[in-house]
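*Asks:* model this:
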Amino acid sequence: MGPRVAVILGTRPEIIKLAPVIARLGERAMVVHTGQHFDDAMSQAILAQFEGVSLAHHLAVGGLTRGAQIGRATEQIERVLLDHPVGTVLVQGDTNACLAGALAANATGVRLVHLEAGMRSFDRSMPEEHNRVLTDALADLCLVPVEVNREQLLREGIPAERIRVVGSTLAEAARLLMPSAAARAELLTHLGLRANEFVLATIHRVENTDSRERLRAILEGLVAIGAPVVLPVHPRTRERIQSFGLGGVAARLHCIDPLPYADFLALMAECALMISDSGGVQEESTIVRRPVLIVRTTTERPELLGTFAALVKPDDSPDHGLIAVARRVLADVPAAHAALASLPAPYADASAATVAAIDESA
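*Replies:* Numbers count the residues shown, from 1 in each chain. As a prediction, this is how the structure comes out:
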């Protein structure tokens, strides 16, 4: 058995993406949850799907400001690493937990591996962009999803020997967690939906929710596209809808509470189209083979543009406006789905390559 690996995570997407790697590491994995977004039932329900995956340490940094979260989590992870020595710290993505784990590894002199490295939106207003750039700079090994990410790191001066192209773990997790066709049909019936006849939307980023005019434009755009829109409402978005007095617009959509991940996967697999500002949904679109319109000006996944994904603006412009682009997709849903079904999978399964890279570079 190789040296122990401290796996740092703090959000639901990290649990989902890291679970296949943790399962492969087995007893070597020491899982540390910072508590950035912690719901015990949700976290344990996901981890229970993967044999041998459990939390070793649970910290408590949720509910703090970004700076306080990173500072508190760094301090507490450092203490865990000093008390429980490991050979490697593994972090994933671009969260506050990811950066805190990177800083703690650096402070304790433990080798750092960054999974899902090399992704760039080139939008410095996004906290996630700062987190991923800083983590890549600190990492002893950057594990990137695709070649374009490797090339980006090389341009930034990171040596080639510190970079490996390994793919993504998300498809592996999704295959295990995806509900059966019967379960998906039951969920649609419960929500009063028909397969391939509704739009699934998620809006939660600060740039879209903290401006009343932008949030209003997005909600009105969703109403105007002319199809049923299911909107699982993020707590941030719900609070802004209320404080901005946009409840009347939101009431014209099918607003529901946030879903367990398996149910969200089910809706993605059965929808006609997705509209989102989420980074994860962009990758998930490649798994369920559904188009996604990204309500942002940039994306950290440029390799998906023109195939699975398109950037749109929350306006009525004919070329890149949310309403016009959505209506074009909805005009011939079977054709849109067929075009994506024939595309090769853009990301290789990464859990085996991740563990191999950790061991080879140890």
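*Asks:* List the buried residues in stretch 201-215.
*Replies:* When neighbours are counted by 16 or more other Cβ atoms under 10 Å, the buried residues of stretch 201-215 are found to be 201, 202, 203, 204, 205, 208, 209, 214, 215. C-betas here are computed from N, CA, C, even on glycine.
*Asks:* what is the mean pLDDT for it?
*Replies:* Here stretch 201-215 scores 95 as its mean pLDDT.
*Asks:* what sits up against that stretch?
*Replies:* Here stretch 201-215 makes contact (Cβ atoms under 8 Å, 6 or more residues apart in numbering) with 125-126, 218, 222, 229-232, 234, 236-237, 240-241, 244, 246, 253, 274-278, 281, 295-296, 314.
*Asks:* what's the single longest helix in this structure?
*Replies:* If you go by DSSP state H, the chain has its longest helix at helix 66-83.
*Asks:* coming back round to it: out of the contacts of stretch 201-215, which are buried?
*Replies:* Buried among the contacts of stretch 201-215 by 16+ other Cβ under 10 Å: 126, 218, 222, 229-232, 234, 237, 240-241, 244, 246, 253, 274-278, 281, 295-296, 314.
*Asks:* most centrally placed residue in the protein?
*Replies:* In the chain, the centroid-proximal residue (Cα atoms, centre = their mean) is residue 280; its distance is 2.9 Å.
*Asks:* That one reaches residue 14, doesn't it?
*Replies:* No. With contacts counted by Cβ atoms under 8 Å, residue 280 stays clear of residue 14, the gap being 10.1 Å.
*Asks:* circling back to that earlier point, which ones among the buried ones among the contacts of stretch 201-215 are found in helices?
*Replies:* Using DSSP H, the subset of the buried ones among the contacts of stretch 201-215 located in helices is 218, 222, 237, 240, 241, 281.
*Asks:* May I have the residues that are in contact with the residue nearest to the second one when sequence neighbours are not counted?
*Replies:* Spatially, and ignoring its direct neighbours in sequence, residue 222 is nearest to residue 229 (4.7 Å; Cβ to Cβ, 6 or more residues apart in numbering). Contacts of residue 229 were listed using Cβ under 8 Å, 6+ apart, and they are 198, 199, 200, 201, 222, 223, 253, 254, 275.
*Asks:* again with residue 250
*Replies:* 219, 231, 233, 241.
*Asks:* Let me know the pLDDT of the residue nearest to the centre of the chain.
*Replies:* Reported pLDDT at residue 280 in the predicted model: 92.
*Asks:* Now do the contacts for the closest residue to it other than its chain neighbours.
*Replies:* In this structure, residue 280 finds its nearest non-sequential neighbour in residue 13, 5.1 Å apart by Cβ to Cβ, 6+ apart. Residue 13 makes contacts with 93, 95, 280, as judged by Cβ under 8 Å, 6+ apart.
*Asks:* Strands of the stretch 151-300 of the chain, residue ranges please.
*Replies:* For the stretch 151-300 of the chain, strands defined by DSSP state E, counting those that start in this stretch occupy the ranges 163-165, 199-202, 229-232, 254-256, 273-276, 292-294.
*Asks:* ok, now the stretch 1-150 of the chain?
*Replies:* Per DSSP E, counting those that start in this stretch, the stretch 1-150 of the chain carries strands over the ranges 5-9, 29-33, 57-58, 88-92, 111-115, 141-144.
*Asks:* got those strands as JSON lines, with mean neighbour count, mean pLDDT and distance to residue 328 columns?
*Replies:* JSON lines is the format used below for the strands of the stretch 1-150 of the chain (neighbours: other Cβ atoms under 10 Å; pLDDT from 0 to 100; distance: least, Cβ to Cβ, whole Å):
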{"stretch": "strand 5-9", "mean neighbour count": "28", "mean pLDDT": "97", "distance to residue 328": "38"}
{"stretch": "strand 29-33", "mean neighbour count": "24", "mean pLDDT": "94", "distance to residue 328": "42"}
{"stretch": "strand 57-58", "mean neighbour count": "15", "mean pLDDT": "86", "distance to residue 328": "46"}
{"stretch": "strand 88-92", "mean neighbour count": "28", "mean pLDDT": "98", "distance to residue 328": "35"}
{"stretch": "strand 111-115", "mean neighbour count": "24", "mean pLDDT": "98", "distance to residue 328": "36"}
{"stretch": "strand 141-144", "mean neighbour count": "26", "mean pLDDT": "98", "distance to residue 328": "33"}
